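**Q** output the structure for:
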Amino acid sequence: MCSLLIYPKFILNIADFYKTHNLIVMNLDNQLRLRHVRTFLEIARAESVSLAASRLNITQPAVSRSLRELEDMLGVRLFDRVGRSLRLNDAGRVFQTHASASMTELLRGAERLRSEGGPAARLAIGVLPTAATDLVPAAALVFRKDMPQVKLSIHTGPNGLLFNQLRDGVVDLVVGRMPEKEARAGVTFQQLYIEDVVLVCRPDHPILDCPTPEQKIEAYPLILPTAEAVISESVARYLASVGLSDIQAAIETVALPVGRKLVSTSDALWFISRGVVADELARGILVAVTLPSPILSGPVGYSISRASPINVERSVFADCLKRVKRGAAGPLVGAF
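**A** The predicted structure follows:
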């Protein structure tokens, strides 16, 4: 039985409530099919009936019919039309949460049955620096516990390279900070959390004693993210906001081993995503300079190609990412 029930607004009293409840449950039990859920999820991801039909390899009328049947069963509209797109409304977002979780569990079970004695499946993950030190390794351990038969291939590289590989089907998803608008063409992004970019230095750096550190940035060697890094535009906007749009970088990098060594042994300052240096900050090897600015905050999550079909292993890995961020992954020691 489906656990999600969305009731129409015309329920007036408790008797009507139970009557409507029973009718909806009967409809779901007797009529709800996997195709309804899968079609709904594809439309939600594609925001288009025609694109969903192409991914599912069925006709547009069949997609429209499945959506209409599902909305009739639930007694509520799930999408609003915005221009030429279909966007989830409040009811649709609620149903998506439950439908996605249910589909992931079904796919996980099917994959376990399918994989016994069969060839090993493979999942390719593209990882940007902010997710490479903590989030993805933790999710990979959870994934290994859930799907030990799947070969996990983890790719690192510049933002532009990984998103081109995503669109070309070389990697199945990319985990990291949300890309700038021009890089999001053909992909969807699912946010997991908000993360800031920090300015880090060694623990005894003189700038830490300054009440207005943004006024002292140009007095020290500056390490900036490379031009192709996702955070480069955010850092540039921040520097422009404090009158430093013309400042020149001494070095450009987002590589942790390089940046950590440079900053810990000199007066250099480094703009980098907090996730990249989380361990160094926790251990006191590096210190974050206080720069209160919303310009330096941005969403971190995973991106999927709009053209790719539903993928069992990818759905399970995405669920592992969410479990890690919720703290619901359980003990990871000995996962291999």
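**Q** which residues touch V49?
**A** By C-beta atoms under 8 Å, 6 or more residues apart in numbering, V49 lies in contact with I43, Q60, V63, S64, L67, L86. From N, CA and C alone the C-beta is placed, and that goes for glycine too.
**Q** can you do 6 Å?
**A** Counting by C-beta atoms under 6 Å, 6 or more residues apart in numbering, V49 makes contact with Q60, V63, S64.
**Q** could you check how far the first one is from I285?
**A** Yep, that's Q60 we're talking about. According to C-beta to C-beta, to the nearest Å, Q60 stands 56 Å off from I285.
**Q** now do the second one
**A** With the distance defined as C-beta to C-beta, V63 ends up 53 Å from I285.
**Q** neighbour count: the two, which is higher?
**A** V63 (25 against 15; other C-beta atoms under 10 Å).
**Q** pretty sure the more buried one is in a strand, no?
**A** No: membership of V63 in a strand is not supported by DSSP: H, G, I helix; E, B strand; the rest coil, which gives helix.
**Q** where does the closest residue to it other than its chain neighbours fall, phi/psi-wise?
**A** By the measure of C-beta to C-beta, 6 or more residues apart in numbering, the closest residue to V63 outside its immediate chain neighbours is A53, 4.6 Å from it. Note on A53: backbone dihedrals following degrees, to the nearest 10 are phi -60, psi -40.
**Q** assess the claim that A53 and A62 are in contact.
**A** No: using C-beta atoms under 6 Å, A53 is not in contact with A62; the gap is 7.1 Å.
**Q** follow-up on the earlier one: any chance of a markdown table for the contacts of V49, columns distance to G176?
**A** Listed next are the contacts of V49 as a markdown table, based on distance: C-beta to C-beta, whole Å:
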| residue | distance to G176 |
| --- | --- |
| Q60 | 34 |
| V63 | 32 |
| S64 | 35 |
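**Q** G259: which of those is nearest?
**A** Distances from G259 to the contacts of V49, taken as C-beta to C-beta, are shortest for V63 (48.1 Å).
**Q** which parts of stretch 234-254 are buried?
**A** Neighbour-count burial for stretch 234-254 flags S234, V235, A236, Y238, L239, V242, T253, V254 (criterion: 16 or more other C-beta atoms under 10 Å).
**Q** same question, stretch 53-65
**A** Under 16+ other C-beta under 10 Å, the buried positions of stretch 53-65 are A53, S54, R55, L56, I58, V63, S64.
**Q** same check, this time on stretch 289-309
**A** Taking 16+ other C-beta under 10 Å as the basis for neighbour counts, the residues of stretch 289-309 that come out buried are 289, 291, 295-296, 298, 300-306, 308.
**Q** check stretch 81-90 too.
**A** Along stretch 81-90, the positions that meet the burial threshold by neighbour count (16+ other C-beta under 10 Å) are L86, L88.
**Q** first-to-last residue distance for that stretch?
**A** Stretch 81-90 stretches 13 Å from its first residue to its last (C-alpha to C-alpha, to the nearest Å).
**Q** could you do stretch 152-163 as well?
**A** Across its full length, stretch 152-163 reaches 18 Å end to end, with C-alpha to C-alpha as the criterion.
**Q** gap between that stretch and the chain center?
**A** Computed by C-alpha atoms, centre = their mean, to the nearest Å, the separation of stretch 152-163 from the middle of its chain amounts to 15 Å.
**Q** contact partners of it?
**A** For stretch 152-163, the surrounding residues in contact (C-beta under 6 Å, 6+ apart) are L123, A124, I125, G126, V127, A140, V171, V174, A183, E228, V230.
**Q** which residues touch the helix or strand harbouring A44?
**A** Secondary structure from DSSP states H and E places A44 in helix 34-46. Outside of helix 34-46, the residues within contact range by C-beta under 6 Å, 6+ apart are A52, R55, L56, V63, S66, L70, L88, Q96, A99, T188, R306.
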